[in-house]
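Peer 1: Got a predicted structure plus its sequence, pasted below:
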Amino acid sequence: GIGSFLRPPGSGKGTQSPIIKDEYCLCHLATGDMLRAAVAAKTPLGVKAKEAMDKGELVSDDLVVGIIDEAIKKPSCQKGFILDGFPRTVLDEMLTKQGTKIDKVLNFAIDDAILEERITGRWIHPPSGRTYHTKYAPPKVPGIDDVSGEPLIQRKDDTAEVLKSRLEAFHRQTEPVIDYYNKKGVVSQLHAEKPPKEVTSEIQKSLS
Ligand code: ADP
Ligand code: ADP
């Protein structure tokens, strides 16, 4: 089946997704990660997506759908997959046309007020996807990945200012998607403001 994570920036997806990858043999497709990889590789798609990403606006649906189309053809995705951060606009018709249907939506519900501190304190290790936080999940040595000893980075769009646009896009374009799936009765609400372990058990309950 197909699951979808819908959530505002900073609500904890990067922290929770390794657990999903390990526990459920589902292919995990995070559109943000795939887009950042395309930008870094300077592919034609990455070049087109970069401007919107730098501003905290959504990348156009046709570009994102193109990336997903490619990814779900992989043999590892034939059993089912989790779409992480997609759809952010109401795209059900397109999915239906392709013969795909979203079976389960996990809504990482959280108050906007909490997100600025989470986003501005976030440090990541891009090769592994490990995520740290200066206050809530500090690395043993500031700025250094615990496992590899390599440097951590902050994302260019993880500023209070760009977060404002990202949240605006979330409320205007993605919240209607949650309402849409709510009416179909497939949404599980998570309490994303709780500590990471509690959020993990809520995810496990929703997926069991
Ligand atoms: P965030 O935590 O802000 O949601 P992501 O890593 O998921 O961060 O996405 C980073 C940026 O990539 C977004 O601000 C947006 O520009 C773009 N993006 C990611 N996924 C999508 C999508 N499904 N549709 C449109 N744009 C997307
Ligand atoms: P997302 O991928 O949804 O944008 P992240 O998982 O990267 O969010 O989390 C954003 C920041 O908040 C990270 O620095 C992370 O360490 C921290 N964080 C994640 N989940 C929690 C939590 N439940 N409580 C406190 N801090 C958290």
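Peer 2: Perfect, I can see it now. Everything quoted here is computed from the prediction, not taken from an experiment. Ligands and ions are numbered 1, 2, ... in the order given.
Peer 1: who in this protein is up against ligand 2?
Peer 2: Contacts of the chain with ligand 2, taken as C-beta under 6 Å from any ligand atom, map to 7, 9-15, 118, 121-122, 131-133, 136-137, 195-196, 199. Placement of C-beta: from N, CA and C, glycine included.
Peer 1: Show me where this protein has its helices.
Peer 2: In the chain, the helices defined using DSSP state H lie at 13-23, 31-40, 44-55, 61-71, 92-97, 112-120, 160-169, 175-183, 196-207.
Peer 1: a markdown table for these, including mean pLDDT and mean neighbour count?
Peer 2: Compiled in a markdown table, the helices of the chain are given as follows (pLDDT from 0 to 100; neighbours: other C-beta atoms under 10 Å):
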| stretch | mean pLDDT | mean neighbour count |
| --- | --- | --- |
| helix 13-23 | 79 | 17 |
| helix 31-40 | 91 | 18 |
| helix 44-55 | 94 | 15 |
| helix 61-71 | 84 | 16 |
| helix 92-97 | 62 | 12 |
| helix 112-120 | 95 | 16 |
| helix 160-169 | 95 | 16 |
| helix 175-183 | 87 | 15 |
| helix 196-207 | 91 | 15 |
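Peer 1: nearest to Gly143, of these?
Peer 2: Among those, the nearest to Gly143 by C-beta to C-beta is helix 112-120 (15.1 Å).
Peer 1: That closest one vs ligand 1: in contact?
Peer 2: No: legend: contact between helix 112-120 and ligand 1 by C-beta under 6 Å from any ligand atom is lacking; minimum distance shown is 7.8 Å.
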